[in-house]
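Peer 1: A predicted structure for the sequence below; I have some questions about it.
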There are 2 protein chains.
Amino acid sequence: MARPILHHRTPQFEALMTEVCAGLQTLFQTREPVLMLASSGTGVMEAAVVNLLSRGDRVITVDAGKFGARWEKLCRTYGVEPIVLRCERGQALHPARLEEALARNPGVKAVLFQASETSTGTRMPVREICALARRFGALSICDAITAMGVFELPMDAWDIDCLMTASQKALMLPPGLSFIALSARAWEAQARADLPRFYFDLAREKKAQLRSQSAWTPATTLIMGLQESLRLILSEGLPRVFARHERLGQATRQAARALGLGILAEEAPSAAVTAVQVPASINDGKLIPRLMRDRYDVVIAGGQDELEGRIFRLSHFGNCSAADILTGITALEQTLRDLGHPFTAGAGIEAARSVLSEEQQHG
Amino acid sequence: MARPILHHRTPQFEALMTEVCAGLQTLFQTREPVLMLASSGTGVMEAAVVNLLSRGDRVITVDAGKFGARWEKLCRTYGVEPIVLRCERGQALHPARLEEALARNPGVKAVLFQASETSTGTRMPVREICALARRFGALSICDAITAMGVFELPMDAWDIDCLMTASQKALMLPPGLSFIALSARAWEAQARADLPRFYFDLAREKKAQLRSQSAWTPATTLIMGLQESLRLILSEGLPRVFARHERLGQATRQAARALGLGILAEEAPSAAVTAVQVPASINDGKLIPRLMRDRYDVVIAGGQDELEGRIFRLSHFGNCSAADILTGITALEQTLRDLGHPFTAGAGIEAARSVLSEEQQHG
């Protein structure tokens, strides 16, 4: 990305596009083109709505956290009527609830949900949701912003109709580039949908990509970086990448439990990020991320909206190794000690190490 | 930009935002906040339309080339009715035509135009257009994508109601970041306008920027680069930056004329880019950019749409010096010789050098 900027209307750029578009298809596990937009994640979510839906359509949105709630807001902005399935924070959607909602609301056009709800660290039953949507003739629209490249999401095999992600998560790039693919069924819906779209018009992007080009000026340097990150991911191999994330997530959760901390999404944890409950021993939960950053140089996230001060979040995806987890847990132990939370010193490290050393035995 | 990626919900990022937002106000010559979007130029043009207009509004669009035509398409996409003032390619809009159109169409909500029409290298009479729009109660919406930081565009002094640019032109950055500012009058219109908007909702961005934040995940590394490019521009000083661009444009045009080539926008040339007419001696005009790139490593642009093969375009803005102009003209002379166009060897270089040496005498 630090190389001189490539002009985008050149054969050099087109060669780059050809390589990265093929790599993205491998990553998405699809034969459909994966399109790139110069936007961050919210932009590509909006692209899904305006390309696939029409004014007055009824849809189901799964609100399991801040990002699920964003689907609802986006739909209302465009005159699409959402039926909201709200989940307790940290709970995944139970497929039976979706089945009931689809049965009770014939004609629902789409189900919009997250593969991994970033605000709570919860993994959703993507395969089941997509199968139900297909059975009831609705499109499945899946935000995989913190899931793509973290765990298994085979677009074609699971009948995911619209799958999207962004550059700054497991693709290990700066923010500013997003990705979206549509199934054949979704492309048919795209041609019929009547919401206004121009910058995010996916038909234009698809047409441009046939010539290894982009409809509008692309985020060139991020695409140059993408070439490298796809090479890293595909040379490690998707199964190993997924197994690594699974192990890093397990190690993080075991460490938290060993420190006497609860996992918010205990029943359906995401391999991307772990939301840890602030213990009763600590009054101001917002202090945990702040001290970890300012004293120990480890940047983690707090809770958002209703979860502010109640959780903190440890990510373990992308350019993340066993050593990074141990560094993070060490900083967490120090911070908890500073704040007076009682625990057995080294218990978190030991628990994480135990999970991570299984990896070495198996690997 | 090659530094480690800054997390955007940190005091470090907020300090960066505070500095660049102040720098952008100096660049735009406005007291209003200049907002940043993670998008390329077409995205920020769409942001202007969806924030300031309502379905059924009548507007005037100035179509002096490919980018003027884009205003018309954007308006039609959203059910806004454009009255199109088409200009001959290479001609600027005559203010009298706009005055007549405004007088004949009372109730026009806005005038949408380019400060510099990139596809033809034409400079528009921005000050006059904005004064007329103000007189008739219409908003002036000015695409300054290839004009901002190239020539004088004082937003507040000239009553420009909406002014926008993008990162990859005179701001010398990779593509993927765009900028927009609204006048007080435009903010009032923003509150009343009813087109749907979410990712491009400027009210949300304004609210976030008050906390030195962004509504959505920002294009962090480009903003880190922006800090440097604003420092470069503001330490050179806007008057010197504008004078340099004026001189580089003059040198380019004089060189082209000395080689027996016509300037498309002879009457109103832009200081950003010069569109040169392909001479009758050369059959395939598309060969000129291709040979310059492949044989002499100088990347220039061809004509677009109806101007394809009829012009080629030499840019002279941003990170561009007298030496760059001489290098470009040298490559152009070589290419014209290869294609059999007759001219006095060295005449282009000599003409450019003569303009550029005046600079040294004055400087």
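Peer 2: Right, received. Where do you want to start?

Peer 1: Give me the distance between A:Leu230 and A:Glu19.
Peer 2: For A:Leu230, the distance to A:Glu19 (C-beta to C-beta, to the nearest Å) stands at 8 Å. No exception for glycine: its C-beta is placed from N, CA and C like everyone else's.

Peer 1: more neighbours, those two?
Peer 2: Shown here are A:Leu230 and A:Glu19; by other C-beta atoms under 10 Å in any protein chain shown, A:Leu230 has more neighbours (21 against 16).

Peer 1: Up against chain B, what does chain A have?
Peer 2: Contact residues, chain A versus chain B (C-beta under 8 Å from any C-beta of the partner chain): A:1-2, A:5, A:7-10, A:38-43, A:46, A:73-74, A:77-79, A:166, A:168, A:174-177, A:195-199, A:216-222, A:293, A:299, A:301.

Peer 1: Quick check: strands, which of those are part of them?
Peer 2: A:Ala166, A:Ala301 (DSSP state E).

Peer 1: Filter the residues of chain A next to chain B down to the buried ones, ChimeraX style.
Peer 2: The buried subset of the residues of chain A next to chain B, as determined by 16 or more other C-beta atoms under 10 Å in any protein chain shown, is captured in ChimeraX by this line:
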select /A:1,8,38,39,40,41,42,43,46,74,77,78,166,168,174,175,176,177,195,196,197,198,199,216,217,218,219,220,221,222,293,299,301
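
Peer 1: Among the residues of chain A next to chain B, which lie within helices?
Peer 2: Among these, the members found in helices (DSSP state H) are A:Gly41, A:Thr42, A:Gly43, A:Glu46, A:Lys73, A:Leu74, A:Thr77, A:Thr220, A:Thr221, A:Leu222, A:Arg293.

Peer 1: Could you check how far the closest residue to the fourth one other than its chain neighbours is from A:Lys73?
Peer 2: If I follow you right, that is A:Glu46. The spatially closest residue to A:Glu46, leaving aside those adjacent along the chain, is B:Tyr199, at 4.6 Å (C-beta to C-beta, 6 or more residues apart in numbering or on different chains). Counting by C-beta to C-beta, the separation of B:Tyr199 from A:Lys73 is 11 Å.

Peer 1: Repeat that for A:Ala272.
Peer 2: Taken as C-beta to C-beta, the span from A:Ala272 to A:Lys73 is 23 Å.

Peer 1: right, and the pair among the ones in helices among the residues of chain A next to chain B with maximum separation?
Peer 2: By the measure C-beta to C-beta, A:Thr77 and A:Arg293 form the most distant pair in these, at 34.0 Å.

Peer 1: Point me to the residue of the stretch 201-350 of chain A nearest chain B.
Peer 2: Residue nearest to chain B within the stretch 201-350 of chain A: A:Ala219 (3.5 Å; C-beta to the nearest C-beta).

Peer 1: Which residue, other than its chain neighbours, is closest to that residue?
Peer 2: Here the residue nearest A:Ala219, using C-beta to C-beta, 6+ apart, is B:Gly176, at 3.5 Å.

Peer 1: How about A:Ser178?
Peer 2: Counting by C-beta to C-beta, 6+ apart, A:Ser178 lies nearest to A:Val44, which is 3.6 Å off, once chain neighbours are set aside.

Peer 1: Please tell me I have it right and the one you found contacts A:Phe179.
Peer 2: Yes: the criterion here is C-beta atoms under 8 Å, and A:Val44 meets it with A:Phe179 at 7.0 Å.

Peer 1: Mutual contacts of these two, please.
Peer 2: A:Leu37, A:Met164, A:Thr165, A:Ala166 (C-beta atoms under 8 Å, 6 or more residues apart in numbering or on different chains).

Peer 1: Among these, which pair sits farthest apart?
Peer 2: Using C-beta to C-beta, these span at most 11.1 Å, a distance reached by A:Leu37 and A:Thr165.

Peer 1: So for those two, which residues contact both of them?
Peer 2: Both A:Leu37 and A:Thr165 are in contact with A:Val44, A:Ser178, A:Phe179, where contact means C-beta under 8 Å, 6+ apart.

Peer 1: Correct me if wrong, but the last one is in a strand.
Peer 2: Yep, that's A:Phe179 we're talking about. Yes: according to DSSP: H, G, I helix; E, B strand; the rest coil, A:Phe179 belongs to a strand.

Peer 1: Please report the distance of it from A:Ala219.
Peer 2: On the measure of C-beta to C-beta, A:Phe179 and A:Ala219 end up 11 Å apart.
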